[in-house]
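# Build me a model from this:
(one chain, ligands or ions: 2)
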Amino acid sequence: MCVLRQPPPSAQKVPRLPPLTLSNPSLISQHTPCTMHLSILPPELACKLFYTMIDLSQDWKRNKWWLFDRIVESPHRTSFYARKTDGVDTDPSWQEAAQFWYNGRKTDPPEVFPDVMEEACQYIERVVNEEMRKRDRYPLEWAGKGTEGQTWRANVAASNCYEGAKESVGFHSDQLTYLGPYPTIASLSLGTGRVFRLREVIPSDEIGSRCARTFNIPLTHNSMIIMHASTQERFKHSIPPQPTLDVFRPLFPRDEHLAPEPSNCRINITFRFYRPDFHPKSIPRCKCGVPTVLRADMKNRQDGKTDRYWWSCYAGAQNDGKGCDFWRVMDMKTEGRGPTIEDTSGDKSPA
Ligand SMILES: O=C(O)CCC(=O)C(=O)O
Ligand SMILES: [Fe+2]
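Ligands and ions are numbered 1, 2, ... in the order given. Okay, here's the model as predicted:
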């Protein structure tokens with residue numbers, strides 16, 4: 001009797017692709033739905049923001065959640081900030097959004113953007129909106145306008161601190177609960193250089209015909225990578241541990257009487273736009289009474305218009321790993337979400 005089964009014939013034919021380092025902005029645009037922007041902030045502001053976030057990061061927490069039958073802890077520290085101008089002081093629904101950042105854990109009210117982060121935001125929002133104007137928009141993207149007429153606004157930010165070469169974040173795509181489908185996320189790097197890794201999730205019906213490639217993108221101090229629409233639907237991203245690090249030597253000291261301090265930390269700030277039509281109050285709750293999480297069906301991608309997303313129970317991340325079986329396909333129309341690009345301009349889906 002033969003117990004060893006042959007692999008399916010198609011799987012044998014798919015050539016494996018070696019990892020590719022994308023070392024400049026044009027290679028990044030060519031191979032991924034991301035753009036890279038070097039020296040995004042004035043150098044002195046970048047340094048000031050780095051020092052501010054390093055100081056604040058002393059209070060940031062490691063994310064903890066249940067995975068199957070055990071608690072896991074993120075191998076880096078993280079925090080969540082909401083922008084003052086969006087009513088974070090008075091609107092308790094931001095509290096829920098912050099809890100989601102910590103995998104459903106009860107948290108203190110989110111911090112507000114420090115002044116220097118507000119200042120940085122002016123540059124970030126300008127470049128993100130400029131880039132978005134150059135691109136075709138996906139039908140499910142938000143088509144509304146911010147208070148000053150912008151398409152995209154950084155109304156929240158998640159921050160990460162990676163200390164030393166071994167701190168990392170594993171492969172994931174960002175939860176879409178408050179971002180909605182096809183979000184744009186602007187990710188700023190400060191301090192020690194690290195590698196950002198991207199890997200496509202191959203849809204089930206293409207597994208026999210092509211292989212995913214791993215892309216390594218070196219992130220330098222004061223660079224911003226924009227994860228444009230479809231990055232979260234098509235790719236997973238990570239910051240892998242590294243064997244070694246180059247120490248970061250800031251250009252400017254903390255104050256004029258001190259020498260610049262070398263550092264082995266990387267600060268990352270992901271500026272995000274929480275969509276008004278995915279407001280915390282509009283998020284369905286599961287049988288545990290907890291807001292559900294929104295994820296894309298990455299393995300069965302469609303055309304940018306009829307892609308499937310589902311709401312599912314997220315209580316298990318905290319509640320001793322015990323959740324419920326709640327699962328529902330998201331339906332933009334019946335849930336009253338939008339306006340989307342599809343609602344306002346007909347079909348202009350990118351090829
Ligand atoms: O540190 C980074 O560049 C990535 C962080 C990240 O993926 C996240 O916060 O979701
Ligand atoms: Fe992420």
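# ranges for the strands of the stretch 201-350 of the chain?
214-219, 223-227, 235-239, 265-272, 293-296, 309-312, 327-329 (DSSP state E, counting those that start in this stretch).
# okay if I get the ones you listed as JSON lines plus mean neighbour count?
Quick note: C-beta positions are derived from backbone N, CA and C, even for glycine. Output for these, formatted as JSON lines (neighbours: other C-beta atoms under 10 Å):
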{"stretch": "strand 214-219", "mean neighbour count": "18"}
{"stretch": "strand 223-227", "mean neighbour count": "24"}
{"stretch": "strand 235-239", "mean neighbour count": "20"}
{"stretch": "strand 265-272", "mean neighbour count": "23"}
{"stretch": "strand 293-296", "mean neighbour count": "21"}
{"stretch": "strand 309-312", "mean neighbour count": "18"}
{"stretch": "strand 327-329", "mean neighbour count": "11"}
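# Which residues of the chain lie near ligand 1?
158, 160, 169, 174, 187, 196, 237, 239, 268, 270 (C-beta under 6 Å from any ligand atom).
# from the residues you listed, which is closest to residue 21?
residue 196 (11.0 Å; C-beta to C-beta).
# which one is that closest one nearest to, not counting chain neighbours?
residue 217 (4.5 Å; C-beta to C-beta, 6 or more residues apart in numbering).
# Strands of the stretch 1-150 of the chain, residue ranges please.
Going by DSSP E, counting those that start in this stretch, the stretch 1-150 of the chain shows strands at 20-21, 34-37, 61-67, 70-82, 111-112.
# Let me know which of these is tucked in deepest.
Highest mean neighbour count among the strands of the stretch 1-150 of the chain (mean count of other C-beta atoms under 10 Å): strand 34-37, with a mean of 22.
# Look up how far residue 146 lies from residue 234.
26 Å (C-beta to C-beta, to the nearest Å).
# With residue 139 instead?
20 Å.
# what about those two, which has more around it?
Set side by side, residue 139 and residue 146 show more neighbours around residue 139, with 24 against 14, by other C-beta atoms under 10 Å.
# Which residue lies closest in space to the closest residue to ligand 1 within the stretch 201-350 of the chain, excluding its sequence neighbours?
In the stretch 201-350 of the chain, the residue that lies nearest ligand 1 is residue 268 (3.3 Å; C-beta to the nearest ligand atom). Closest residue to residue 268 apart from its sequence neighbours, by C-beta to C-beta, 6+ apart: residue 160 at 4.4 Å.
# helix/strand/coil for that neighbour?
On the three-state scheme (DSSP: H, G, I helix; E, B strand; the rest coil), residue 160 is labelled strand.
# Make sure it is actually in contact with residue 267.
Yes: applying C-beta atoms under 8 Å as the test, residue 160 and residue 267 come out as touching, 7.4 Å apart.
# re the thing from before, output the strands of the stretch 201-350 of the chain as CSV; include the columns mean pLDDT.
Output for the strands of the stretch 201-350 of the chain, formatted as CSV (pLDDT from 0 to 100):
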stretch, mean pLDDT
strand 214-219, 98
strand 223-227, 98
strand 235-239, 97
strand 265-272, 97
strand 293-296, 95
strand 309-312, 95
strand 327-329, 95
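# Could you say which one of those comes nearest to residue 38?
Once the strands of the stretch 201-350 of the chain are compared by C-beta to C-beta, strand 223-227 is nearest, at 5.1 Å.
# Could you check how far residue 261 is from residue 198?
Following C-beta to C-beta, the distance that separates residue 261 from residue 198 is 32 Å.
# likewise residue 255?
Residue 255 is 38 Å from residue 198, by C-beta to C-beta.
# Those two: who's more crowded?
residue 198 (25 against 7).
# what separates the more buried one from ligand 1, distance-wise?
10 Å (C-beta to the nearest ligand atom, to the nearest Å).
# my read is that residue is in a strand, agree?
Yes: judged by three-state DSSP, residue 198 forms part of a strand.
# State the distance spanning the first to the last residue of stretch 259-268.
24 Å (C-alpha to C-alpha, to the nearest Å).
# pLDDT weak spots in the stretch 51-200 of the chain?
By pLDDT under 70, the weakly predicted segments of the stretch 51-200 of the chain are 65-66, 85-92, 94-95, 98-107, 147.
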